[in-house]
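Peer 1: Here is my input; please provide its structure:
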Amino acid sequence: MNKKVSIATLSMLLVAASPIMAVNDANTLYVNLELSLNKTTVGTVIQSISQQTGYEFSYDESILSKEISNVSVRVKNERIESVLKKVFKNTGISFRIVDNRIFLQDNVETKNSLFGNISLAVVQQEKKTIKGTVIDNTGFPVIGANVVIKGSAGVGTVTNVDGDFTLDGVEDGAILLISYIGYVDQEVAVTKGNNDYKITIHEDTQNLDEVVVVGYGTQTKVNLTGAVSTIGKDELIDRPVTNVSSALQGLTPGVTVTSGTGRPGDDGSTIRVRGVGTLNNANPYILVDGIETGTFDSIDPNDIESISVLKDAASAAIYGSKAANGVILVTTKRGKTGKATVSYNGNVSFSNVSTLIDRLSSYDYARLYNQLLTQDGASPRFTDDDLRLFRDGTDPYAHPNTVWTDYIFRTGFMHKHNLNVSGGSDDVKYMASAGFLGQEGTMKNSDRQQFNLRTNLDIKLSDKFTMRTNMAFIHNQYSEPNASYGGGSNQLIWQANRIAPWVPYKKEDGSYGSISDGNPAAWIDINSRKNHLQQNFSGLLAFDYHIMDGLTFTLQGAYVTNIKETKDYRKECWYDDVNYHGPDQLTETISRWSRYTLDALLNYDKTFNQDHHIKALAGYKIEKYDYRELVAFRKSFPNSEVTDLNGGDSSTQTNSGYSRELALLSYFGRINYDYKGKYLLEANFRADASSRFAKGYRWGYFPSFSAGWRISEEDFMENTRGWLQSLKFRGSWGLLGNQDAVKDEYYPYLPTLYIGKNFPFAGTVHQGITVVSHKVTTISWENSTNWGFGFDANFLNEFMLSAEYYNRKTSDIIMDIPVSDTFGISGTYQDNKGSLRNSGVEASLAWNHSFNKDWRMGVNANFSYNKNKLIDLAGVNEIIDDYSINRVGEAYQSFYVYEVDGLFKSDEEAAAYEKQYGNPWSAPFKGGDFRIKDVDGDGKLTSKDRVVKGSQQPKTTYGVTLSGGWKNFDLSIFFQGVTGTSRYFARDVVGSFIGDTSHPSSNWLDAWTPENPNAEWPRLFLEESSVSAPNKCRSSFWCMNTNYLRIKNINFGYTLPKSITNKLGIANVKVYYTGENLFTFDSLPFNADPESASGNLDIYPINKSHSFGINVTF
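Peer 2: Numbers count the residues shown, from 1 in each chain. Model prediction:
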């Protein structure tokens, strides 16, 4: 978590910026401080105070070496003057506080009072009064920044709530030194005739004291020994995205996010941390403010303070059995001491589908279709007059050129609003936010309305007791169009991409044109819909008890419940007097899950003899999860306007339901040790017991160890400190578990019984019970062994570089094993039989530079490479599934196809090839057919010639953000991409030649013909014809490279000058434009989205959007 202050959290330092900072009232400022030092010096004491409170000290250098026998202070929310009296009691040192600076004097040795000199210095240097404003690089005022005259023994002031300051007694030529935690110090010369200054300070990218959220706590970034990536709120704000998953894409190395759909209300994204680590559920463990959510559906991106991604065992082992696929920790904003701050962020956006495949016109399709029928020995379907009318477009009813996607897609519209109020006193701090999202999807009849609330409260009950509460509620209502026989929006997209263009949307008499599968535009017109309602509530209540210095006990309980209702209404549709889909049908599904957790934590944090720092955590957790679902169905409603279930025919009703539950018991602990901030050690341990497994197999044990060496702090590195600010080497090893690999079963060790099998006994038929599924009682955890090493470097005051190698082996993977025939039952059973490995490297580089007070620029880049390899598949070498394969030594779910070595240029060449290698298909090779390669070299074509041809999992992912600014303008461009990935595109994506139920792509205009023997595409063929069988095989031609580079986001903003906002009584106003998914560069031969989760026709395309917004803080 960055220590900088933005407008969204300006209340954090309102106390420091208010009039109480005057010299006579400084003792009213409250601070938190913990010191435990023995036989130390004044220099060490003031360094510790400065680091913990932000105060700066002025003193005579001779005072630094003065020894103090011991100092032991631990205070919370106490006046700074009272704190200093405790610290310097009986030392002979007195102090005086001026604004944010503390002046020290040794009363024993100093005859001339330093304090007296302060006032004298002010009088002597009083030449003129200057004023100014301090802002950050986004134009936000910086509150509480120190403005000091350099070399004046601390004469200065701090900025107020508007970032303004006034300073008396300043000479021309004096140097103003502006400093603030988390920012680079800025020096400004006072010039003659200029009494008003606007000063911009920039974030310190080398801030080594940045605090990072980790499991059950925080750590300073410089002391991390595990692989943790962080994403700040500034990287998420102003994006026109509806979910956090989309915003995460490309922002951090080792995390792959694939956007699966653009459908409103459906976060179809797939998130993978360092590859696919199992054949089963590979989703990361997601927590929001310590509450497990499983997805990002319950969080508004505007509420986020930071996101931490725990990628290795060293950082994630504290979560044990849930951390095998990585952990994502979301921390929301909280209140700060100070008066209430109100901020509003809103935007409107317009969107269109990003990709639609170009398809043949009616004329071209009819012409080519006639040609194919003739080649196949059949009569042409269309006459010359038909072709002419298709081409001329003069008969739109009988000879249309229907672009079906025009009837189901539109320009989408979305508006988002978020209102945030935060503030508080020393005893109570609060944050409350409310958000609303209204969306009309790019597909007609798809829309969404979402309302969310969040409150975070921190209460100091006494000097020892504090209480925290987090509550969040989200109401998400969305809908999608539905076919008259079901399938939702995917079915409409499927049909719109495959109905021939010569089928009319409507006939001249007003009835609908249709095929056997219907008419998707008609379903839009009659408003056949699938409606969804999702409500999620989460709450956490925590108590902290400070037992003694460095020792705190925490008890916290959390409750999450999620209710989802789906009304799958399928309206009957009459296309004309004969063709019909119906009757009306309604299926209602109501599901609810709840999770209860209770955590007891004991935290210890102590520094011994100044050099030895120990942090320890011990914890206990219990968790219960339950799920309920009810499904009901009726059809034949009196009319299509009746949408209540009881309006249907009761004789058609069916219903079903089921419930599940799960319990988990956990013990865990962590210990951190560092010596002088140079040598870092960490150990984690967690023991989990899950009700999913049988007794004797329920417990899993998950340890981890890590170490770090800050070599830059060694004495022999002293000569490098001018350019090398920090260099740390780190390494880790650990074991993680996965209980969610069990496939949708909560008691996988219990056999399934069927009641109702009758059997005769003693002349009477009795009802019996039959075992219908085989189980093994030894099924247990999947285990993931992780190790890795890397380094983190900060250099030249502008660069940050991190790199790491990792290796993760997952063993005991739960697989489906065929049941032996000797059991007398069929099917499969689950057992721990598989293993796979992910290994790779990841790196990130950041550079930020201010050329002068107006110009600034930055680059942030990340890169990751991952190799996935199967090691064991229950003793078999490979498992083939149509055009994919799991094979030992290859990546998970690789494509398995025949290798195409070009096209036959003539019938003669094809015949000669077939004579040499044979032909396993029913039809002979012809010119324009795929030349299938004899891979195994046995002289004949067989199924053994299939090869592994890539995988859907990318090998390389990367993201680059270029940012810059000039005065009040700022611009950022975010590039994101992947390499080493493929998709298998089913032939109907580019269209087969079937007739009414197909719409081929325009690529077929470049198909092979005798006159075009060098074409890229094979000869045309009828889908239903056996003559083209060789071209229908699962071949590498349809397995295509889907590497891409996407300009994911462009953001351009302007912050209004203070001269305007001050007149309006507003702290800050920023207006901005954001473009999302604007340009994509790939090598696909047709206009499909390379990121799409599948190579099929039924995917709701992701959207390209333009957004305009405003961010206001009062």
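
Peer 1: Can you name the residues in contact with the longest helix seen in the chain?
Peer 2: Longest helix of the chain, by residue count under DSSP state H: helix 362-375. Outside of helix 362-375, the residues within contact range by C-beta atoms under 8 Å, 6 or more residues apart in numbering are 360, 379-382, 386-387, 390-391, 399-402, 500-502, 993, 995, 999-1000, 1002, 1004-1005, 1020-1022, 1025. Using the backbone N, CA and C atoms, a C-beta is placed for each residue, glycine as well.

Peer 1: Render the CA-only coordinates of that helix in PDB, please.
Peer 2: Included here for helix 362-375 are C-alpha records, laid out as PDB according to Å, rounded to 0.1, in the frame of the first residue of the first chain:
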ATOM      1  CA  SER A 362     -26.100 -13.500 -50.700                       C
ATOM      2  CA  TYR A 363     -24.900 -13.200 -54.300                       C
ATOM      3  CA  ASP A 364     -21.400 -14.700 -53.600                       C
ATOM      4  CA  TYR A 365     -22.800 -17.400 -51.400                       C
ATOM      5  CA  ALA A 366     -25.500 -18.400 -53.900                       C
ATOM      6  CA  ARG A 367     -23.000 -18.400 -56.800                       C
ATOM      7  CA  LEU A 368     -20.500 -20.600 -55.000                       C
ATOM      8  CA  TYR A 369     -23.200 -22.800 -53.600                       C
ATOM      9  CA  ASN A 370     -24.500 -23.500 -57.200                       C
ATOM     10  CA  GLN A 371     -20.900 -24.300 -58.200                       C
ATOM     11  CA  LEU A 372     -20.500 -26.900 -55.400                       C
ATOM     12  CA  LEU A 373     -23.800 -28.500 -56.200                       C
ATOM     13  CA  THR A 374     -22.900 -28.900 -59.800                       C
ATOM     14  CA  GLN A 375     -19.500 -30.400 -58.900                       C
END
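
Peer 1: Show me what counts as buried in it.
Peer 2: By 16 or more other C-beta atoms under 10 Å, the buried positions in helix 362-375 come out as S362, Y363, D364, Y365, A366, R367, L368, Y369, N370, L372, L373, Q375.

Peer 1: Spatially nearest residue to R721 (excluding sequence neighbours)?
Peer 2: Distances taken as C-beta to C-beta, 6 or more residues apart in numbering place S712 nearest to R721, at 7.3 Å, with adjacent residues excluded.

Peer 1: same for the helix or strand following the longest helix of the chain, what does it pack against?
Peer 2: Sequence-wise, the next helix or strand downstream of helix 362-375 (DSSP states H and E) is helix 384-392. Under the contact criterion of 3 or more C-beta pairs under 8 Å, 6 or more residues apart in numbering; DSSP states H and E, helix 384-392 touches helix 362-375.

Peer 1: how many degrees apart are the helix it packs on and helix 384-392 in direction?
Peer 2: 150 degrees (axes from the mean of the first three to the mean of the last three C-alpha atoms, to 10 degrees).

Peer 1: Now do helix 362-375: distance to the chain's middle.
Peer 2: On the basis of C-alpha atoms, centre = their mean, to the nearest Å, helix 362-375 is displaced by 48 Å from the centre of the chain it belongs to.

Peer 1: before we move on, back to that, out of the contacts of helix 362-375, which are buried?
Peer 2: For these, buried by 16+ other C-beta under 10 Å: 360, 380, 382, 386-387, 390-391, 399-402, 500-502, 993, 995, 999-1000, 1002, 1004, 1020-1022, 1025.

Peer 1: May I see the domains of the chain written out as residue ranges?
Peer 2: Per automatic domain parsing, the structural domains of the chain span 7-200, 211-327, 547-654.

Peer 1: Run the chain-centre distance for the last one.
Peer 2: Pointing back at domain 547-654 there. Relative to the centre of its chain, domain 547-654 is centred 20 Å away, using C-alpha atoms, centre = their mean.

Peer 1: who touches L492 in this structure?
Peer 2: By C-beta under 8 Å, 6+ apart, the neighbours of L492 are I408, M443, P481, N482, A483, P520, W523, I524.

Peer 1: out of the residues you listed, who's nearest Q249?
Peer 2: The shortest approach to Q249 among the contacts of L492 belongs to M443, at 22.0 Å (C-beta to C-beta).

Peer 1: can you tell me which residues contact the closest one?
Peer 2: Counted by C-beta under 8 Å, 6+ apart, M443 has contacts R263, I408, F409, R410, E480, P481, S489, L492, I493, Y1100.

Peer 1: F975: what's its closest spatial neighbour, skipping adjacent residues?
Peer 2: Per C-beta to C-beta, 6+ apart, closest to F975 is V960, 4.5 Å.

Peer 1: How about K444?
Peer 2: I524 (5.0 Å).

Peer 1: So the one you found is in contact with S446, correct?
Peer 2: No. In this structure, I524 is not within contact of S446 by C-beta atoms under 8 Å, at 10.1 Å.

Peer 1: From A472, how far off is N325?
Peer 2: Computed as C-beta to C-beta, to the nearest Å, the N325 to A472 distance reads 24 Å.

Peer 1: Which residue ranges of the stretch 51-200 of the chain form helices?
Peer 2: In the stretch 51-200 of the chain, the segments counted as helices under DSSP state H, counting those that start in this stretch are 80-87, 114-125.

Peer 1: Which one of these has the poorest average confidence?
Peer 2: Among the helices of the stretch 51-200 of the chain, helix 114-125 carries the lowest mean pLDDT, at a mean of 37.

Peer 1: circling back to that earlier point, list the contacts for the residue nearest to K444?
Peer 2: Contacts of I524 (C-beta under 8 Å, 6+ apart): Y407, I408, K444, N445, P481, L492.

Peer 1: what's around F761, how many residues?
Peer 2: 9 (other C-beta atoms under 10 Å).

Peer 1: Which parts of the stretch 351-500 of the chain are strands?
Peer 2: 412-424, 428-440, 447-460, 465-481 (DSSP state E, counting those that start in this stretch).

Peer 1: ok, the third one: who's next to it in the sheet?
Peer 2: In this case it means strand 447-460. strand 428-440 (antiparallel), strand 465-481 (antiparallel) (DSSP bridges).

Peer 1: What ranges in the stretch 701-850 of the chain fall below the confidence cut-off?
Peer 2: 744-745, 823-824 (pLDDT under 70).

Peer 1: Please enumerate the strands of it.
Peer 2: In the stretch 701-850 of the chain, the strands defined using DSSP E, counting those that start in this stretch lie at 724-738, 753-761, 764-771, 782-795, 799-818, 828-850.

Peer 1: TSV for those strands, including distance to F705?
Peer 2: Putting the strands of the stretch 701-850 of the chain into TSV (distance: least, C-beta to C-beta, whole Å) gives the following:
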stretch	distance to F705
strand 724-738	6
strand 753-761	46
strand 764-771	45
strand 782-795	10
strand 799-818	15
strand 828-850	19
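
Peer 1: Which of those strands sits closest to E629?
Peer 2: Of all these, strand 753-761 sits nearest to E629, with 21.0 Å by C-beta to C-beta.

Peer 1: May I have that closest one as PDB, with CA atoms only?
Peer 2: The C-alpha atoms that make up strand 753-761 are tabulated as PDB, following Å, rounded to 0.1, in the frame of the first residue of the first chain:
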ATOM      1  CA  LEU A 753     -26.500 -45.600  -3.800                       C
ATOM      2  CA  TYR A 754     -29.700 -46.100  -5.800                       C
ATOM      3  CA  ILE A 755     -32.900 -47.000  -4.000                       C
ATOM      4  CA  GLY A 756     -35.500 -48.800  -6.100                       C
ATOM      5  CA  LYS A 757     -33.800 -51.800  -7.600                       C
ATOM      6  CA  ASN A 758     -36.100 -54.700  -6.800                       C
ATOM      7  CA  PHE A 759     -35.000 -58.300  -6.200                       C
ATOM      8  CA  PRO A 760     -36.900 -61.500  -5.400                       C
ATOM      9  CA  PHE A 761     -36.300 -63.200  -2.100                       C
END
